[in-house]
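Asks: Pasting the sequence and the predicted coordinates here, then a few questions.
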Amino acid sequence: MCKKVLIAALAVIAAVAVVKFTWLGSHARLWSKNAKNWVESQVKLETEIQRLRNEVERLEREDRIALDVVARQRLDVKAAEERLNKDRGELTKLNKRITELRAALKGPEAEVQQVSYNGSTYSRADAENQVNIDFDRYKPLKGSVAAQEKGVEALRKALGLNEQKLFSGKQRRQEMLTALQELENEMNEVRQAQAANATVLDDTAYGRVQRDIQALKKRLDVEKEKAKITGSLGGGPIEQAEAQKARKEAREKEIEAEFSGRAPVLNANK
């Protein structure tokens with residue numbers, strides 16, 4: 001039995017090796033990729049846009065879970081801060097009383113058996129006993145306050161990161177929805193043009209060729225964009241810095257035009 005299992009395992013390993021490292025495996029991967037691309041090309045644009053909108057909605061639902069986490073973290077931070085402030089107040093109170101009692105015990109009338117503190121008079125023994133009791137409370141409380149300060153800082157940091165992530169997710173979802181709306185607008189224009197062409201020519205073959213041309217144009221645009229990206233990534237440090245500067249200037253002009261109500265000023269040298 002063990003021998004059969006071993007032989008089967010070796011056969012599986014050999015099959016995986018054939019697929020992964022040989023000519024046959026290379027063609028299998030190519031066929032798989034082509035099949036995937038073909039399936040994707042058969043999906044209607046309207047269907048794909050709706051699918052992506054559903055994906056954005058799914059991301060929003062997931063962020064609602066993160067919202068619950070952030071809300072709980074805020075309450076945890078608030079409670080930790082309240083405990084810390086309470087202990088800080090107690091620590092300050094003990095520090096003040098210990099300091100003042102010790103000063104009274106070491107004053108000019110140190111040999112006197114009566115000590116004045118906070119408007120009242122106490123025996124020297126009671127004052128010394130209070131210092132000892134307060135110090136026994138002060139020392140561990142000081143360590144606790146220091147530990148709580150670090151804990152509160154860690155909680156604040158975690159809360160800040162999650163709040164930023166939550167805000168960023170909302171912003172990115174809005175950008176995605178805007179991009180999908182723009183794509184849908186472009187798709188509707190294409191559909192209207194296709195419908196007009198089909199009405200004028202009254203020939204479905206022309207419409208099919210027209211769609212193929214549009215698809216080919218889209219592929220060509222993608223290849224052009226990939227070439228631009230590859231070219232920009234391959235530039236030297238000075239070239240990249242100049243490109244970054246140009247993008248930053250264009251971005252600032254876009255923002256200025258949007259919020260000042262004035263058209264952007266184009267650089268005449270460009």
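Replies: Thanks, I have the structure now.

Asks: Give me the below-cutoff pLDDT ranges for the stretch 1-150 of the chain.
Replies: Along the stretch 1-150 of the chain, the parts satisfying pLDDT under 70 run over 1-42, 107-112.

Asks: Can you show me the strands along it?
Replies: For the stretch 1-150 of the chain, the strands defined by DSSP state E, counting those that start in this stretch occupy 114-117, 120-123.

Asks: what pLDDT, on average, does stretch 152-161 get?
Replies: What stretch 152-161 shows for mean pLDDT is 92.

Asks: Pull out the buried residues from it.
Replies: Buried residues in stretch 152-161, counting neighbours by 16 or more other Cβ atoms under 10 Å, are found at 152, 155, 159. For the C-beta atoms, the positions are set from N, CA and C on the backbone; glycine is no exception.

Asks: can I assume the first one sits in a strand?
Replies: No: under DSSP: H, G, I helix; E, B strand; the rest coil, V152 falls outside any strand and is assigned helix.

Asks: what's near enough to touch the spatially most central residue of the chain?
Replies: Central residue of the chain (Cα atoms, centre = their mean): K165, 3.5 Å from the mean position. For K165, the contacting residues are A66, by Cβ atoms under 8 Å, 6 or more residues apart in numbering.

Asks: circling back to that earlier point, most tightly surrounded among the strands of the stretch 1-150 of the chain?
Replies: strand 114-117 (a mean of 16; mean count of other Cβ atoms under 10 Å).

Asks: Check which helices and strands that one is in contact with.
Replies: helix 45-105, strand 120-123, helix 124-201 (3 or more Cβ pairs under 8 Å, 6 or more residues apart in numbering; DSSP states H and E).

Asks: How about residues contacting that strand?
Replies: 97, 100-101, 104-105, 121-124, 126-127.

Asks: Could you identify the buried members of those residues?
Replies: Buried members of those, counted by 16+ other Cβ under 10 Å: 97, 101, 104-105, 122, 124, 127.

Asks: These: which two are farthest apart?
Replies: Largest separation among the buried ones among the contacts of strand 114-117 by Cβ to Cβ: R97 and R124, giving 15.7 Å.
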